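Student: below are the sequence and a predicted model for it; my questions follow.
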Number of protein chains: 2
Amino acid sequence: MSRRSGILEFAVLGLLRESPMHGYELRKRLNTSLGVFRAFSYGTLYPCLKTLVANGWLIEEPGNAPEDALAASLAGRRAKIVYRLTAAGKEHFEELLSHTGPETWEDESFAARFAFFGQTERDVRMRVLEGRRSRLEERLEKMRASLARTRERLDDYTLELQRHGMESVEREVRWLNELIESERAGRDRRRSGPSDETEK
Amino acid sequence: MSRRSGILEFAVLGLLRESPMHGYELRKRLNTSLGVFRAFSYGTLYPCLKTLVANGWLIEEPGNAPEDALAASLAGRRAKIVYRLTAAGKEHFEELLSHTGPETWEDESFAARFAFFGQTERDVRMRVLEGRRSRLEERLEKMRASLARTRERLDDYTLELQRHGMESVEREVRWLNELIESERAGRDRRRSGPSDETEK
DNA sequence: AATTTCATGTAATTCGTTACATGATTCC
DNA sequence: GGAATCATGTAACGAATTACATGAAATT
């Protein structure tokens, strides 16, 4: 029971897999390191962490300064809480990572998936990229059809908005084509250094 | 009381200003003619229409076939409902159209505003476009700063995601620059035909 | 006659924010 | 000692969706 936000849960598990963190830091990384993501508020994040703990996917640990826990237990105060991924949590994340269903082609979900491509198998990466591309191509098809139907009734601003919107989508398709090409060519971006002879 | 969704309310009033419509048709136009918009569901649209009526901004009229209303009143059945903007509604929309506050620079809100530029005064258009541009420039600034701080800790995929994200924003800024330039040059896109000598 | 598209609505639920409340730590 | 930032949480609310329920009109 209790469905949590797919993408927040996913991102939290993914970040914690890299290293344990407390809530505040987690939130910063959701905005910055993962960059393209939206900023979740504390009102969303903390309750989410609680349910992940309740599911056994995370455990709460005292902050790295041992006095934190000591002082807290003595005075009934609150200490910094560091969250760590459990074995079950790791397993669960692994399973989420291997999903390639239609949900994963959606805008925000796709960004989240892409952000963790460094931990994703190559064939899964391919399916996600190709799925995303065909989703965008469908979208383009609809836009073109609707534009053809209504073109003459629209004023210049509306037309310009649609033109710009379509161009953005077309641009993302080209980006995906390059990425897919690069994956096909066997370049694995998961390792940092360039392979020393394919780069000029 | 009872705050409604800013952008849905705005778009509904704007579409109905052009011509009266019933809910089903309205929803189609929210997806297609306005194109770039998100598709609101009926569960959102119909309740919204009711509150707009309650505010006195719309009135419900029987569908254009007169038998609709007749049959409906006789049998207690439901007829097609056409919504028409009242004078108060027109006034309210006019007021919304003249707003240029920070809300209007946000992604979806901006798209909605732009879609109705055909009914917007030139100085308001300018303020909305310039506000949007500076909002995007702030965003770019944050992205650059965060990238500079974290660059070396990130894997190639995360880097690529951020690079692509920034490029998209930069592209929109260039688009805005062109639009602003065009507005400054006095080209008013509200009239359809090109001014017959500036176009090649 | 059956299916699709048109058309209107409600109830439960999901997702997430804002505002509030609290307190520790760090920097000036 | 005061301000900023770090840190954790809750309650009330808001926006929108999904699933459900109903039925008319047009098309095949």
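Tutor: Perfect, thanks for sending it. Numbering: from 1, shown residues only, chains lettered A, B, ... in the order given.

Student: who's in contact with the residue nearest to A:Tyr83 when sequence neighbours are not counted?
Tutor: Sequence neighbours aside, A:Leu58 is the residue nearest to A:Tyr83 in space, at 4.8 Å (criterion: C-beta to C-beta, 6 or more residues apart in numbering or on different chains). All C-beta spots, glycine's among them, are computed from the backbone N, C-alpha and C. Residues near A:Leu58 by C-beta atoms under 8 Å, 6 or more residues apart in numbering or on different chains: A:16, A:49, A:52, A:83-86, A:89.

Student: how about a cut-off of 6 Å?
Tutor: By C-beta atoms under 6 Å, 6 or more residues apart in numbering or on different chains, the contact list for A:Leu58 reads A:52, A:83, A:89.

Student: A:Arg132 now?
Tutor: A:105, A:110.

Student: and it, what's its pLDDT?
Tutor: At A:Arg132 the predicted local confidence, pLDDT, stands at 96.

Student: name the helix or strand for it, please.
Tutor: helix A:122-150 (DSSP states H and E).

Student: and the next helix or strand after that helix with helix B:156-184, angle?
Tutor: Downstream of helix A:122-150, the first helix or strand assigned by DSSP H and E is helix A:156-184. Interaxial angle, helix A:156-184 versus helix B:156-184 (axes from the mean of the first three to the mean of the last three C-alpha atoms, to 10 degrees): 160 degrees.

Student: give the burial count for the closest residue to A:Glu183 other than its chain neighbours, as a bare number.
Tutor: Nearest residue to A:Glu183, sequence neighbours excluded (C-beta to C-beta, 6+ apart): A:Met126, at 5.7 Å. Residues near A:Met126, counting by other C-beta atoms under 10 Å in any protein chain shown, number 16.

Student: tell me the spacing between A:Met126 and A:Phe10.
Tutor: With the distance defined as C-beta to C-beta, to the nearest Å, A:Met126 ends up 19 Å from A:Phe10.

Student: follow-up on the earlier one: what bridges to the residue nearest to A:Tyr83?
Tutor: Beta-bridge partners for A:Leu58, by DSSP bridges, are A:Leu85.

Student: got a pLDDT number for it?
Tutor: For A:Leu58, the pLDDT comes out at 96.

Student: ok so, going back, any part of the helix holding A:Arg132 near DNA strand C?
Tutor: No. Figure legend: helix A:122-150 not in contact with DNA strand C (C-beta under 7 Å from any atom of the strand); closest approach 12.0 Å.

Student: can that helix be found next to DNA strand D?
Tutor: No. Counting by C-beta under 7 Å from any atom of the strand, DNA strand D is not contacted by helix A:122-150; separation bottoms out at 14.7 Å.

Student: buried stuff in that helix?
Tutor: By neighbour count on 16 or more other C-beta atoms under 10 Å in any protein chain shown, the buried set for helix A:122-150 is A:124-129, A:131-133, A:135-136, A:140, A:143, A:146-147, A:150.

Student: filter the contacts of A:Leu58 down to the ones in helices?
Tutor: A:52, A:89 (DSSP state H).

Student: nearest to B:Arg27, of the contacts of A:Leu58?
Tutor: Minimum distance to B:Arg27 across the contacts of A:Leu58 is 37.1 Å, recorded for A:Leu52 (C-beta to C-beta).

Student: how deep is the closest one tucked in, by neighbour count?
Tutor: Neighbour count for A:Leu52, taken as other C-beta under 10 Å: 23.

Student: could you give the mean pLDDT of the helix or strand A:Tyr46 falls within?
Tutor: Per DSSP H and E: A:Tyr46 is located in helix A:42-54. If you average the pLDDT over helix A:42-54, you get 94.

Student: wait, does it contact DNA strand C?
Tutor: Yes. Using C-beta under 7 Å from any atom of the strand, helix A:42-54 reaches DNA strand C at A:42-44.

Student: A:Gly56: what secondary structure?
Tutor: coil (DSSP: H, G, I helix; E, B strand; the rest coil).

Student: ignoring the adjacent residues along the chain, who's closest to it?
Tutor: Nearest non-adjacent residue to A:Gly56, counting by C-beta to C-beta, 6+ apart: A:Ala88, 5.0 Å away.

Student: and the residue nearest to A:Gly118 when sequence neighbours are not counted, how far from A:Ser33?
Tutor: In this structure, A:Gly118 finds its nearest non-sequential neighbour in B:Asp155, 4.0 Å apart by C-beta to C-beta, 6+ apart. Applying C-beta to C-beta, the value for B:Asp155 to A:Ser33 is 11 Å.

Student: between these two, which one's more packed in?
Tutor: Legend: neighbour count by other C-beta under 10 Å for B:Asp155 and A:Ser33, higher for A:Ser33 (19 against 16).

Student: and the more buried one, which of the three is it?
Tutor: Three-state call for A:Ser33 (three-state DSSP): coil.
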